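*Asks:* Give me the fold of what follows.
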Amino acid sequence: MSDAAEAFSRFTWAASRLGEALDTLARHSGLSPRSVPMPRPPAEDRLAEPDVLERWIEGAAAWRGVEAEPIETSFADVEETLLRAGPALVRVPGVELEDNAPRDPTTPSFVVLLGARGGRAGRVRVLAPDLTPRDVDVARIVDVLCGRMLEHEIAFTDRLLADSGIPGARRRRVRAHLLRDRFSELRVGGLWMLRSAPHASFPRVVWRATARDAVALVGAHAVEYAAWVAAWWLLGRGALDGYLDRGWMWAWAFLLVAIVPFRMLGTSAQARLAIGFGQVLKQRLLHGAFRLPTDELRAEGAGMLLGRVVEAEAVEALALSGGLLGVVSLVELAGSAVILATGAGAGPLLAAFAVWIALGAWLARRYFVELSLWTDTRLTITHDLVEKMVGHRTRAAQQPPDRAHDGEDESLDWYITRSQAMDRTAALLTTVLPRSWMAISLAALVPAFASHPTQASLAVALGGVLLAYGALARLAAGATSLGRAAVAWRKVAPLLDAAKRAPVVGSPLVAAGAPATKQGAPPPAVLDAAGVVYRYPSRHEPVLRGCTIQIRRGDRVLLDGPSGSGKSTLAATLAGLRVPQSGLVLLHGLDRHTLGEGAWRRAVVMTPQFHENHVVSESLAFNLFMGADWPARPRDLARAEVLCRELGLGDLIARMPGGLLQTVGETGWQLSHGEKSRLFIARALLQNPDLLILDESFGALDPENLRRAIDCVERRAPTILVIAHP
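*Replies:* So this is what the prediction gives:
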């Protein structure tokens, strides 16, 4: 064992304590894991298998209600990745532990990485097995993480540096630079980042991502506002007293200069807050889009989906601008109230100020109602326009010309009416409200003049009136932005609601590998369905009633029937994309709740019908590996190219200048109908499923390519279910 590994051994967790390490890291990082018992990890000999280890960690994290994302980086970027990765779990191979017990060098140990140590460059904080946080040089972790991988190269480099006479203090840095230059593209894995699950409480995730910056923003603005008020109070006090010496001027200048760092701090916190909130929101919307049921998507037209995308873009910008203005206005409202209370005519001014704040709240609510009606009208017009554009050819062929514009004038009239009502309320809120405050506040000061107040108290009162005017103006601007953000939030609510749906999480031990069978017992069926019943929400009669099917390894099953008979629905049910209302579906003898959604979909892969499959505007390789690991390694790309040539896509790859890395265009415009079909088949085969379901995937192929595709599928897929028309 190397000196670095020996010194580092006291920070590592044994493989037998992997579950405890994962649970401790989640709790220590504030991820709020579920209170369920953590299952024991597999035996150490099985943990040496990368696939078993990765699936168990991901499954155990999901079991506890958090997410563990495997990360792979290059050797040149491994230090930077470790500095940014926390909280994370790092696999280090072949590290002996404190008990010095004999250990297989392939047995992994683990480092619980909490994150970078703030203020100390190149150091990270780890959690030792005794639950004590320790600061460690990140280079030591890299030595242990990559030492076995580059063992011979490190020894050769050390001998070379020793012969060259480089001092020992510099030798380590020189060696690191030499290895980084030579092996910069070497891939390094064994790192899992922990974060909140996609379905976790959205407010809690937002608070965890933005709490520090939000507190810094509020605190910096409060101090900045107080310094600004104090500076002008000093100047006004000296002017009214008729005495401004050098000390007062220096104090005034000092307060103005002190505003600068707090303004910079607030601006920096605001930028970080925007980035953090935007990242969490985009992740939640993306997850919600993936979790949105297919039936709900089918019920909406392209226009509604486009409108929802537009509103989703508005949520982030409007919520941030309105929220920040709202926070700033609240700070200024509180400061204005304090100043009004210390000046002349405090009672009438505070009463009028409270009335104007209440009036602003009422106008903001009215604006929200008008904005909601206007947004509904606008999105309806957008939906109608997009649907008419999509169906332009059909309308031109079937709709009489004199009816082409029916209802457009009525829609525009209603839109204009709603726009005028909304604009009137917005004008009252943003313009009339703050300016009328100036008039009413000066009127409230009239009785104060009769009591002959001092010049200082009058100056304080007038200053409070001006500050209140600015606060009301910012409050009105923030209210309009927050109102628009709230309306946009309601439009994307289906995506956010879908994101809350927690996936079915199976046992981590089952997810780590296929269940073993008893000695001498026949292997269970790959898939066994009995008495399956499925009914669409919009239909009274079930489309599947009492379906029973058993598929064993090596079977080639053909399922045919007329259109609408439920073939695709049965396939989606077997693939885990739909949950039957009754009946039993088993995969390898286990149900969906035992295996979990992820393990089920890894084992059963379905290629849906052509119109439900998609090619995105990316490289051909990306489209091939959409269901597998990405980014793809060189050996994965080589395997994909061999598969594509077996499917008859060799000519396609040859005519693409970038080969598999060539962008295929939006919706795959550079691919023919048959090439897209074979791309979808290759995408499914690259996932190495136990059961492959092909739903009319051969319908667009000519006889030669059909024979070639069938031969390829039969060679590569252990078990196949093909759906076709009779």
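*Asks:* Next up, phi/psi of residue 701, please.
*Replies:* Dihedral angles of residue 701 (phi, psi; degrees, to the nearest 10) stand at phi -100, psi 140.
*Asks:* Next secondary structure element downstream of the lowest-mean-pLDDT helix or strand in the chain?
*Replies:* In the chain, no helix or strand scores lower on mean pLDDT, DSSP states H and E than helix 3-8, which sits at a mean of 53. Sequence order places helix 18-28 as the next helix or strand after helix 3-8, per DSSP states H and E.
*Asks:* ok, and what's touching that following helix?
*Replies:* Contacts with helix 18-28, where a contact means CB atoms under 8 Å, 6 or more residues apart in numbering, come from 13, 33, 38-41, 47, 56-57, 60-61, 64, 66, 68, 87-89, 110, 112, 114, 127, 129, 131, 194. Backbone N, C-alpha and C define where each C-beta goes, glycine included.
*Asks:* got the CA positions of it in CSV?
*Replies:* What follows is helix 18-28, C-alpha atoms only, in CSV (Å, rounded to 0.1, in the frame of the first residue of the first chain):
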residue,chain,number,x,y,z
LEU,A,18,-21.8,1.6,2.4
GLY,A,19,-25.5,1.9,3.3
GLU,A,20,-24.6,3.8,6.5
ALA,A,21,-22.3,6.1,4.6
LEU,A,22,-24.9,6.9,2.0
ASP,A,23,-27.5,7.6,4.7
THR,A,24,-25.1,9.7,6.8
LEU,A,25,-24.1,11.8,3.8
ALA,A,26,-27.8,12.5,2.9
ARG,A,27,-28.6,13.6,6.4
HIS,A,28,-25.5,15.6,6.9
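*Asks:* and it, which residues are buried?
*Replies:* 18-26 (16 or more other CB atoms under 10 Å).
*Asks:* any idea which of the residues you listed is the one closest to residue 334?
*Replies:* Nearest to residue 334, judged by CB to CB, of the buried residues of helix 18-28 is residue 26 at 38.3 Å.
*Asks:* quick one: that closest one and residue 191, what's the gap?
*Replies:* Residue 26 sits 16 Å away from residue 191, going by CB to CB, to the nearest Å.
*Asks:* coming back round to it: of the contacts of helix 18-28, keep whichever come out buried.
*Replies:* Buried members of the contacts of helix 18-28, scored by 16+ other CB under 10 Å, are 13, 33, 38-39, 41, 47, 56-57, 60-61, 64, 66, 68, 87-89, 110, 112, 114, 127, 129, 194.
*Asks:* Just the contacts of helix 18-28: which are in strands?
*Replies:* 66, 68, 88-89, 110, 112, 114, 127, 194 (DSSP state E).
*Asks:* Dump the residues you listed into JSON lines; add distance to residue 676 and pLDDT as well.
*Replies:* Formatted as JSON lines, these follow (distance: CB to CB, whole Å; pLDDT from 0 to 100):
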{"residue": "66", "distance to residue 676": "38", "pLDDT": "85"}
{"residue": "68", "distance to residue 676": "34", "pLDDT": "85"}
{"residue": "88", "distance to residue 676": "39", "pLDDT": "87"}
{"residue": "89", "distance to residue 676": "40", "pLDDT": "87"}
{"residue": "110", "distance to residue 676": "44", "pLDDT": "85"}
{"residue": "112", "distance to residue 676": "46", "pLDDT": "86"}
{"residue": "114", "distance to residue 676": "47", "pLDDT": "86"}
{"residue": "127", "distance to residue 676": "49", "pLDDT": "86"}
{"residue": "194", "distance to residue 676": "38", "pLDDT": "87"}
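*Asks:* what about the helices in the stretch 551-700 of the chain?
*Replies:* Here the stretch 551-700 of the chain has its helices, by DSSP state H, counting those that start in this stretch, at 567-574, 592-595, 597-603, 620-624, 634-646, 650-655, 673-685.
*Asks:* Which among those helices is found nearest to residue 287?
*Replies:* Closest to residue 287 of the helices of the stretch 551-700 of the chain, according to CB to CB: helix 597-603, at 13.4 Å.
*Asks:* what's near enough to touch residue 364?
*Replies:* Residue 364 is in contact with 429, 476, 479-480, 483, counting by CB under 8 Å, 6+ apart.
*Asks:* Hmm, residue 108 and residue 12 touching each other?
*Replies:* No - applying CB atoms under 8 Å, one finds residue 12 not in contact with residue 108, separated by 9.4 Å.
*Asks:* Touching both of those two, which residues are there?
*Replies:* residue 92.
*Asks:* Those two - which one has more neighbours?
*Replies:* Ranked by neighbour count (other CB atoms under 10 Å), residue 12 and residue 108 place residue 12 first, with 25 against 22.
*Asks:* what is the residue nearest to that one when sequence neighbours are not counted paired to in the beta sheet?
*Replies:* Excluding the flanking residues, the one nearest residue 12 by CB to CB, 6 or more residues apart in numbering is residue 109, at 4.1 Å. Counting by DSSP bridges, residue 109 forms beta bridges with residue 92.
*Asks:* For the stretch 151-300 of the chain, just list every one of the helices.
*Replies:* So, for the stretch 151-300 of the chain - with DSSP H, counting those that start in this stretch - the helices run 151-164, 168-182, 202-241, 246-291, 294-298.
*Asks:* Using a markdown table, lay out these together with distance to residue 637 and mean pLDDT.
*Replies:* Below are those laid out as a markdown table (distance: least, CB to CB, whole Å; pLDDT from 0 to 100):
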| stretch | distance to residue 637 | mean pLDDT |
| --- | --- | --- |
| helix 151-164 | 26 | 67 |
| helix 168-182 | 23 | 67 |
| helix 202-241 | 35 | 80 |
| helix 246-291 | 25 | 82 |
| helix 294-298 | 31 | 69 |
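*Asks:* Model confidence for residue 366, exactly?
*Replies:* For residue 366, the pLDDT comes out at 90.
*Asks:* same question but for residue 691, I mixed them up
*Replies:* With respect to pLDDT, residue 691 has a value of 91.
*Asks:* And for residue 466?
*Replies:* Looking at residue 466, its pLDDT is 83.
*Asks:* what helix or strand is it on?
*Replies:* helix 455-491.
*Asks:* one step back: which single one of the ones in strands among the contacts of helix 18-28 is nearest to residue 232?
*Replies:* Closest approach to residue 232 among those (CB to CB): residue 114, at 45.6 Å.
*Asks:* quick one: contacts for the closest one?
*Replies:* Residue 114 is in contact with 25, 28-29, 86-87, 124-127, 133, counting by CB under 8 Å, 6+ apart.
*Asks:* Show me where the stretch 301-450 of the chain has its helices.
*Replies:* Using DSSP H, counting those that start in this stretch, helices in the stretch 301-450 of the chain cover 302-342, 346-390, 392-398, 408-427, 433-450.
*Asks:* most neighbours per residue, which of those?
*Replies:* Comparing those by mean neighbour count (mean count of other CB atoms under 10 Å), helix 302-342 ranks first with a mean of 19.
*Asks:* Show the average pLDDT along it.
*Replies:* The average pLDDT within helix 302-342 is 71.
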